[in-house]
Structures are given as structure tokens and as C-alpha cells.
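S.K.: test case, fold it:
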Amino acid sequence: MLGGVLGPYGVHGWLKVRSFAEAPETLLGYATWWLKPARGPGWREYERVAGRMHSGVLIAQLRGVDSREAALAMKGFEIGVPRSALPKVAADEIYWSDLTGLAVKNRAGVLLGEVRGVTEHGAHPLLQVARPAGAPGAERLIPYVPAIVLRVDPVAGEIEVDWGEDY
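M.R.: Now for the predicted structure:
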């Protein structure tokens, strides 16, 4: 997921978009976007016909989204592009989507759960970690920062963290 629809912009179907890229305008480099409801299936392809930064927010117009009502109906939709369209990552980088499904273990080797997603909260991203089956409590939110995330090994399917079992 590269971003999300914040809501409509104007009356002609333009969308206000939250880009998850370091440079929000990066999303404008893709002529085709795929959108789907945040909690549902059904990715659908849209051609981006226009877009720009406006007052610090990305706005875009998609073919077939021609009214404020149509844009409003897309509020909360996720925005993505095909994996093949993304640039290659450096050896020390990883796409957030590649973290989903990885097991999270602490330094003692205790399984803390499985990554269900990554979310941005101001200062740094947070790993949303579902606790193992039968474990008490809600999901864990673990800061995705070098002091806590010690190792990410997508091949082994795990992340090692400096995080207590009782946190």
C-alpha cells in the first residue's frame, strides 16, 4: 500500500491523498493506481489523469471519478501499484508490505506474535503485531526503530526485537 484516500477535493471528483512515501509526490510518478476499500477485497485499476501537491497535501484526479460524491465514496480506500512497478530496494531496505506475516521474536527467542501491518504514527512507524493464539491481550504495537528492531530476516520469516514479553 502506497497511500490512502483522505476524502474529496472540490466538486469535480478530485481526491485528497495521503502518500506513505517520504516524498508524497512520488505517487504521481505512477500513471496507474490500484484502489480498494480499506477492509475489503477488490483491487480496481484507475488511470491517474492529473495530480499535484496543493497546500502540503497530494491531490489527484482518476479517470471515472467525476463528482464529489464519487470521490467521497472512496474515502478510506487504500492505494497501491503493482509490485513490478516499484523500484528495487537497497540491501538495507525493505518495503513495509514485506514485513506483514513475519514472526516477531524477542532477544530471548520468545514468540511475541506475527506482523499484521505497519502504521505511521508521527515520529516513527509501528509494527502491528497480533499475539500468538491463546495469548492474552490485544495486539502489540512495537516501534519500528533501530534501537528496538535488531534484525529483519524475510528469508527466515522473522524479526528480532529488543522487546519484553510483558510489554
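S.K.: hey, where'd the helices end up in the chain?
M.R.: Assigned by DSSP state H, the helices in the chain fall at 68-72.
S.K.: per-domain residue ranges of it.
M.R.: Split into domains by automatic domain parsing, the chain comes to 3-85, 96-161.
S.K.: residue 167: which of the ones you listed is closest?
M.R.: With Cβ to Cβ as the measure, domain 96-161 is the member of those nearest residue 167 (7.1 Å). Using the backbone N, CA and C atoms, a C-beta is placed for each residue, glycine as well.
S.K.: and the closest one, average pLDDT?
M.R.: Across domain 96-161, pLDDT averages out at 93.
S.K.: quick one: residue 15 from residue 2, how far?
M.R.: Distance, residue 15 to residue 2, by Cβ to Cβ, to the nearest Å: 14 Å.
S.K.: swap in residue 99?
M.R.: Going from residue 99 to residue 2 by Cβ to Cβ gives 15 Å.
S.K.: and for residue 45?
M.R.: According to Cβ to Cβ, residue 45 stands 14 Å off from residue 2.
S.K.: out of these two, which sits in the busier spot?
M.R.: Neighbour totals were compared for residue 45 and residue 2, and residue 2 leads with 22 against 12 (other Cβ atoms under 10 Å).
S.K.: contacting residues for residue 138?
M.R.: residue 131 (Cβ atoms under 8 Å, 6 or more residues apart in numbering).
S.K.: where does the most far-flung residue of the chain relative to its centre fall, phi/psi-wise?
M.R.: Largest separation from the mean C-alpha position in the chain: residue 108, at 29.1 Å (Cα atoms, centre = their mean). Backbone torsions for residue 108, taken as degrees, to the nearest 10, come to phi -80, psi 0.
S.K.: against residue 54, how distant is it?
M.R.: From residue 108 to residue 54 the distance is 50 Å (Cβ to Cβ).
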